[in-house]
Structure formats: structure tokens, C-alpha cells
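> Give me coordinates for this.
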Amino acid sequence: MVGASNNGEYDWAKEMKEFDSTKAGVKGLADAALSEIPKLFIHSPEFLHSNPILKITDGGARLDLPTIDFQGVAAEQGRRQVVVEEIRKAAQEWGFFRIVNHGIPLETMDAMLDAAKLFHEQPNEEKKPFYSSDSSRRVKFNSNLPVLENNAACWRDVLSCVFLDDQLDPQDLPSACRKEVQEYVKYMIELREVMAELLSEALGLPSDHLSKIECMKSQALACNYYPKCPQPHKTLGSSKHSDTTFLTLLMQDSIGGLQILHNDEWMDVPAARGALIANIGDLMQIISNDRFISVEHRVVAQTVHRVSVASFFTPSLKAMGKPFEPIKELLSHENPALYREFLFREYCEHYKTKFQGVTSAKPHYRI
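Numbering: from 1, shown residues only. Here you go, the predicted structure:
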């Protein structure tokens, strides 16, 4: 089991229902100035410490993600080839990399983080209309509670805004962050197109390959809020998982808290103002036939609040109705397909039904 089980003498279902009924999220618990977190949020020590935490390398220097500079990637052919090779290496060996000089203005990034914080720190009456666990709602606020009985919840609230085919009615967005979300998503779409070209080229394919199959044409924007926690050593901001996406682009505030599993050890990913963190999703690993890797990661709870904004790139509505499978141009007699074909919604539904029972749905589709 992935999530921690709470097997103590308490009514898990009752506590879940009581917490959910407040529609105040984890922020409501933090505002109550509790000295101890509810049992619903306590993860087992075995789960929390399932892997050691990497502090330094053998040489004494802190290990860090590859950082890729996008400066000149569009105009300079020689520079572009360098970036493509750096992406190929990072996607093969790490599954994560940091991007700088990506073209998104610093003021746009700061404004988005501030707006996400503003939404979550509003009076609860302002947020309640958005509180929902209905997966069909394209704009909703919740705490992403566990679905399997006795699994522990995570110390996080999230505002999700889903742009199908890059479209979402602006009036559906909360007024507290409407302008900033629209502006940030505009730049995310531009960067996504650049990433689609570079990832295609890193796979040895024509630059328009990923765009043509529309595997990243939709975007789910998650404004994450991790309230200050009185007992951060007993819970997590987000439990161990890999993303059910093709690509994720993450912006962190100055606090940090993201950890990735690298060589079976948890490695801190320090925050860097103005940088974005790119991570390869499960579905990109599948269609690349394991040329790129999707890596498990988590977020630790802390005694101060943290904000992050993640853009999860998923297929267009049209592409959702067609099966995905390893790209045929990447296959050969020596390199046969490692996965069977699947529909995007099928993949997501399988993961949701097993959530906190598995960290990824990839093994279910492996041949």
C-alpha cells in the first residue's frame, strides 16, 4: 500500500465526512491553531521513511537537478541542438529538470503565486462555492482526500482549473485570481508548444510530432496551498506518486519542499526564483517506450505555509477518444513495444481507483 494506513481505534469514515463537511480545507485546520494534527492526516513511519533522504554526494557537493537554459533556443540552431541534447539526457536519466530563461516574465510568475495564495487565504465563505469533489467540475477547490478506506490524507489544499483544448470560461474562475490565471496560462500554452517541439526532437522525431498527436493540448492548472503544520514529521504535503500526464511544469515559491526519488533516495529540489521545474509524466514514458522516465516525487509538510502552481498537460478532447501507445517510429525488432495501447480516460480511471494503493498505473499497461 502506498498511503499510510490509520489502523487506530477511530472512525476513519466519520472523520473524513466531518472534515469534508466544513468545506474549509486543511487551511481551516491550520487557522484553528491545533497543536496536533487529526489522525486522518497521520502517515505511518514506515511510509514516511520508506527511502533514505539524500543530503550530499560522495564528493561533498549537494546533488541538484539538471538546469537547462532556454535562452536563444528559437533563434540559434546551434544553441537549439545543445538544449535538445540536454533535455534528452535529463529526461532519460532524471525525469525532472529545471528550466531558466523560458520566456515567462518574472512579474507574471510572482503575480500568479500571489494570486494563488490570495485565493486560499480568503475567508472561507468566499471559497465555499468552489468546494467540490466532483471530477466533472472544471474549476473546483478541495483537499484531494483519499478514496481508499483508512488511507491517510495529505496536508494540502488545491484550486484546480481545467482548460480543455486550452479553453475555459473566464467567468468560471474565482475573482481572486481570475486575471492572473488567464495571463499565466497564456504563457504556459506558448511554452508548451516549445516543449512539444524540443521533446519531439529529443526523441529523434520531427519537431511537430507531439503537437500533431495533440497529447498536450489541454491543461489542468493546480494552485496548491500547503498550510503551516504543527507536526510536519507525521504527515506529507503530497504523498509519493508519479504524474498521470504527458508533461508537468511546476512553479514553486521560495519555501521549497518538493522531493524526487533519485537512485532510491529522496532528493530535495530547492526553490529557485524565476525557474520552472519540468517533469516527464507517466504517459510520456509510455509513448516514448521508456526512452524518457516518469519519476516518483512527493512534497514534505512544513511549519510555514508553501504555495506552488503546477500545469499538468493532457490530451485534447479529440485525442482523448483515440488510443495511445508507444510511438511506432521508436520501435524496432530490437526495441519492441513495452506497453499496450490505452485510452487516456481509461488510464486515469485505473489510477484513481487504485490511488494510494499504487504510485503509478504504468505497470498495469506494461506488456
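> Next, the buried residues of stretch 304-315.
By neighbour count on 16 or more other CB atoms under 10 Å, the buried set for stretch 304-315 is H305, R306, V307, S308, V309, A310, S311, F312, F313, T314, P315. Placement of C-beta: from N, CA and C, glycine included.
> The helix or strand where S211 lies - what's its average pLDDT?
Assigned by DSSP states H and E, S211 falls within helix 209-212. In this model, helix 209-212 carries a mean pLDDT of 98.
> Let me know the secondary structure of R137.
Here R137 is recorded as coil under DSSP: H, G, I helix; E, B strand; the rest coil.
> Need the pLDDT of it.
On the pLDDT scale, R137 gets 95.
> what's the answer for G321, then?
You'll see G321 listed with a pLDDT of 92.
> now, which of the buried residues of stretch 304-315 lie within strands?
Those of the buried residues of stretch 304-315 mapping onto strands are R306, V307, S308, V309, A310, S311, F312, F313, T314, per DSSP state E.
> Would you check that the second one makes contact with F119?
No - using CB atoms under 8 Å, V307 is not in contact with F119; the gap is 9.9 Å.
> what's the overlap in contacts for the two?
Common contacts of V307 and F119, defined by CB atoms under 8 Å, 6 or more residues apart in numbering, comprise C223, Y225.
> would you list every one of the strands in the chain?
Secondary structure of the chain by DSSP E: the strands cover 53-54, 67-69, 96-100, 139-142, 157-163, 218-226, 236-241, 247-252, 258-262, 265-268, 276-280, 297-300, 306-314.
> for the third one, the distance to its chain's centre please.
Yep, that's strand 96-100 we're talking about. Centroid displacement of strand 96-100 relative to its chain, using CA atoms, centre = their mean, to the nearest Å, is 14 Å.
> If you count neighbours, what's buried in it?
Neighbour counts over strand 96-100 (16+ other CB under 10 Å) mark F96, F97, R98, I99 as buried.
> elements contacting that strand?
Secondary-structure packing of strand 96-100 (3 or more CB pairs under 8 Å, 6 or more residues apart in numbering; DSSP states H and E): strand 67-69, helix 77-93, strand 276-280.
> Now do it against strand 276-280: the angle between them, please.
Going by axes from the mean of the first three to the mean of the last three CA atoms, to 10 degrees, strand 96-100 is angled at 150 degrees with respect to strand 276-280.
> Start at 59, not 1
Let's use 59 as the start, then, which means that last one is strand 154-158.
> partners of strand 154-158 in the sheet?
strand 125-127 (parallel), strand 334-338 (antiparallel) (DSSP bridges).
> Could you report the pLDDT at the closest residue to V141 other than its chain neighbours?
Of all residues not flanking V141 in the chain, V131 sits nearest, at 4.9 Å (CB to CB, 6 or more residues apart in numbering). V131 is assigned a predicted lDDT (pLDDT) of 90.
> quick one: V131 and E144 touch, right?
No - counting by CB under 8 Å, V131 sits too far from E144 to count as a contact (10.3 Å).
> What are the buried residues along stretch 243-261?
Going by neighbour count (16+ other CB under 10 Å), the buried part of stretch 243-261 is 243, 245-247, 249-250, 252-261.
> can you list the residues that contact that stretch?
Stretch 243-261 is contacted from outside by 128, 131-132, 138, 141-143, 145-146, 149, 160-163, 166, 219, 221, 224, 264-269, 274, 277, 279, 305, 307, 334, 336, 342, 346, 349-350, 369, 371, 385, 388, using CB under 8 Å, 6+ apart.
> next one: stretch 183-191
Stretch 183-191 is contacted by residues 78, 81-83, 177-178, 197-200, 203, 217, 232, 234 when judged by CB under 8 Å, 6+ apart.
> From the residues you listed, which one has the minimum pLDDT?
Scanning these for pLDDT, the low point is L203. It has 85.
> separation between that one and I247?
31 Å (CB to CB, to the nearest Å).
> ok, back up a step: please identify the deepest-packed of the strands paired with strand 154-158.
Scoring the strands paired with strand 154-158 by mean neighbour count under mean count of other CB atoms under 10 Å gives strand 334-338 as the most buried, with a mean of 25.
> Taking strand 364-372 as reference, get the angle to it.
Going by the same axes, to 10 degrees, strand 334-338 makes 40 degrees with strand 364-372.
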